[in-house]
Structures are given as structure tokens and as C-alpha cells.
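Colleague: Pasting the sequence and the predicted model now:
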Amino acid sequence: MSDDLDPQIGEFTGQLRRLVDQGGLSVAALADRTGYSKTSWERYLNGRLLAPKGAIVALAEVTGTSPVHLTTMWELAERAWSRAEMRHDRTMEQIRITQARAELGDFGGARAEAAGGVRTAPAGTGTAGAPPVIPPQPRAGEGDARDAVPARPVPGEPRAGRRRVLLFLAGAVAAVVVIGGVVLLTGRGGGGGGEPDAVRSPAPSATSAADLPAGVKCVGSGCTGKDAEAMGCGGDLVTTARTTVVGAATLEVRYSRTCGTAWGRITGAVQGDQVRVTAGGTQQRGDPAAGDDFAYTPMVAVGGAGEAEACVTLASGRTGCTK
């Protein structure tokens, strides 16, 4: 087992291994007697995957152990597993926020520099090297109106200086208009309509690979219809959101917060069983492959674990759904 396992998960996994050793069971025998595959039990006993509740109940029956104590330990391990996933997700969110802030900071700095080049002139100079023009000061008794628009030229003020001021202001306004137009045009999508890309929130499927943990190949709607294991959304990134027992099969809603997806899974299945998952009007189906005692559906995009429902139709005709 990994040294990085949460103590409660490690204690629970160690208890499973002791029960298997005391019962003198090999992994193959354990798989045969519990209805869960050999590959699954290897993951459960190595702490790479948290065993579902149905597998724990089956192990208790095989080893003659009271399921009450084992189920209590499983519930504590399940909570610890969920906390670990939440910490991982918060870390990934912080990384994404830091990257977004860095990119927005670069964009803001470039925009401020461009705008500053239009509005700010070097100290002591005017437009095209002309000396700065000091606006006329109001005479005593004339009030604030002269600060805005002088009623008549101030004696001694050169008309050429006033023209330079007007030309400078006109040029600055024109430059600001041009820059604004360029930003507006280049910020829109190729179709020319809709919201500027600079402020549009990216779709979950548009998240770059650099923002995801190593091995994760999709997120959100980009994962819909795809295999969770193949896309890297399983393993340590998945937890059981809901579970129920239907006949001899255990039905689960599997949820990956990192990928923003859920899928249905049954264990202890037989040929002819069918599992399906539904979320937001989208449904995916799965069937056990030949020789397998489990099956899971492709993924559907969800905003949270509670949005998905898994249902099963057994070969015997019995049906059931997660609550």
C-alpha cells in the first residue's frame, strides 16, 4: 500500500487484507466467491480503489465476519476518500485560478501599456515635440466659466498654441477610438457576432490539457459518451456518489469531480444485465462483456454528484435505480 494513504483508508484496507489472509483466500478464490472480479479485488486490497459497500458485505459473508463492524469502517473510509478528493480538487482549482490570474494580468498590463501610449506624453513635451501649452487662467471676478470655455481670447495668447491644443485633443480621441475598434474586432469570434471571447467563459470541454492532472484527457461535455478509464477519469479521481443493491448486483453512480462527469456501474453482474445512467436528459448504457461480472456505462457531464441517476435491468427482469 502507498504511504500517502489517509490513515482511515489505510486502516480499512489493512483490515480487508487481514480478513482475506485469515480466511486463506487467494484473490482468484475471493473473486469467485464474492462475485467481484480479480482485478477489482487487487485494487481494493492495494488501496488503489475503495471497495463498494456490496463488496464489503460479500467479503463479510465469505469470511464469516459480522458485516456491522466492517460496514462502519467502510463508511469512515468513504468519508476520508471523499475528503481526499475534495482536497485534490481544491488544489487543481487553485492552480487554474493562478493560471487565469496570470493570463489576465498579462492581458491587463498589455492593455494599460497600449492605452498609456495614447494618453500619456513625455513630461515637458506636447504633440510632435511642441512645448506644453498652459491653459488660460481666470481673471478675478470672472468665475469658473473661463476654466471650461473662455468667452474670448486672452490678450497675449498666441492663436497657434490654441490650435496645437485642439489638434492634440483631436488626435488623442481618434487614437482611442481606433484602439477600441481593434480590441472589439479582434476580441470577437470568427463569425463576428455574439459575446467577445475575452470575457466568454470557456466550455468545460475547452479546458486545456495543461489545466488537468496528468493522464486526464477530457472534462465536462467533452467526456460525454466516452470511457472513464480510457479518459483518465477513474482511479483516484472517482468516488461513489450513490449505491443500492438490486438482486445479486450492486448498482452505483460513480462520480469524478475533476472531470465533471458521472457514470453507472454494476458489480456482481451476469450476462444479460444492463446498466444505464441519466443526467440532464442524456442517457448512456452499458452491458457486461463476455466473462466479466461487472459493467459500467460511458460518462455523462454533470455539475454535481447529485445530478446523475443509475438504473439496472437484470437478466431476470428485475429492475432498480439509485435513490
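Modeller: Arrived safely. Numbering: from 1, shown residues only.
Colleague: where along this protein do the helices fall?
Modeller: 7-22, 27-34, 38-45, 53-63, 67-119, 145-148, 159-186 (DSSP state H).
Colleague: Of these, which shows the lowest average pLDDT?
Modeller: The weakest mean pLDDT among the helices of the chain belongs to helix 145-148, with a mean of 42.
Colleague: could I get stretch 310-319 in PDB with only the CA atoms?
Modeller: Output in PDB follows, covering the C-alpha atoms of stretch 310-319 (Å, rounded to 0.1, in the frame of the first residue of the first chain):
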ATOM      1  CA  ALA A 310     -28.200   5.000 -12.300                       C
ATOM      2  CA  CYS A 311     -30.700   2.200 -13.100                       C
ATOM      3  CA  VAL A 312     -30.300  -1.500 -13.800                       C
ATOM      4  CA  THR A 313     -32.400  -4.100 -15.600                       C
ATOM      5  CA  LEU A 314     -31.300  -7.600 -14.600                       C
ATOM      6  CA  ALA A 315     -31.400 -10.600 -16.900                       C
ATOM      7  CA  SER A 316     -34.100 -11.900 -14.600                       C
ATOM      8  CA  GLY A 317     -36.300  -8.900 -15.500                       C
ATOM      9  CA  ARG A 318     -35.900  -7.300 -12.100                       C
ATOM     10  CA  THR A 319     -35.200  -3.500 -12.200                       C
END
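Colleague: List the buried residues for that stretch?
Modeller: Residues of stretch 310-319 classed as buried by neighbour count (16 or more other Cβ atoms under 10 Å): 310, 311, 312, 313, 314. No exception for glycine: its C-beta is placed from N, CA and C like everyone else's.
Colleague: Export these to TSV and append columns for distance to residue 237 and pLDDT.
Modeller: Output for the buried residues of stretch 310-319, formatted as TSV (distance: Cβ to Cβ, whole Å; pLDDT from 0 to 100):
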residue	distance to residue 237	pLDDT
310	18	95
311	24	96
312	24	93
313	28	95
314	29	93
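Colleague: Turn those into CSV, including distance to residue 263.
Modeller: Converted to CSV, the buried residues of stretch 310-319 look like this (distance: Cβ to Cβ, whole Å):
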residue, distance to residue 263
310, 8
311, 13
312, 13
313, 17
314, 19
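Colleague: Sort out for me which of those residues are in strands.
Modeller: 310, 311, 312, 313 (DSSP state E).
Colleague: If the third one is in a bridge, with which residues?
Modeller: Per DSSP bridges, the residues bridged to residue 312 are residue 275, residue 320.
Colleague: and this structure, what are its domains?
Modeller: 1-98, 121-186, 209-323 (automatic domain parsing).
Colleague: Just give me the neighbour total for residue 104.
Modeller: 11 (other Cβ atoms under 10 Å).
Colleague: And for residue 69?
Modeller: The burial count for residue 69: 11, using other Cβ under 10 Å.
Colleague: How about residue 258?
Modeller: Neighbours of residue 258 (other Cβ under 10 Å): 19.
Colleague: Apart from its neighbours in sequence, what residue is nearest it?
Modeller: Nearest residue to residue 258 in three dimensions, chain neighbours excluded: residue 237, at 4.7 Å (Cβ to Cβ, 6 or more residues apart in numbering).
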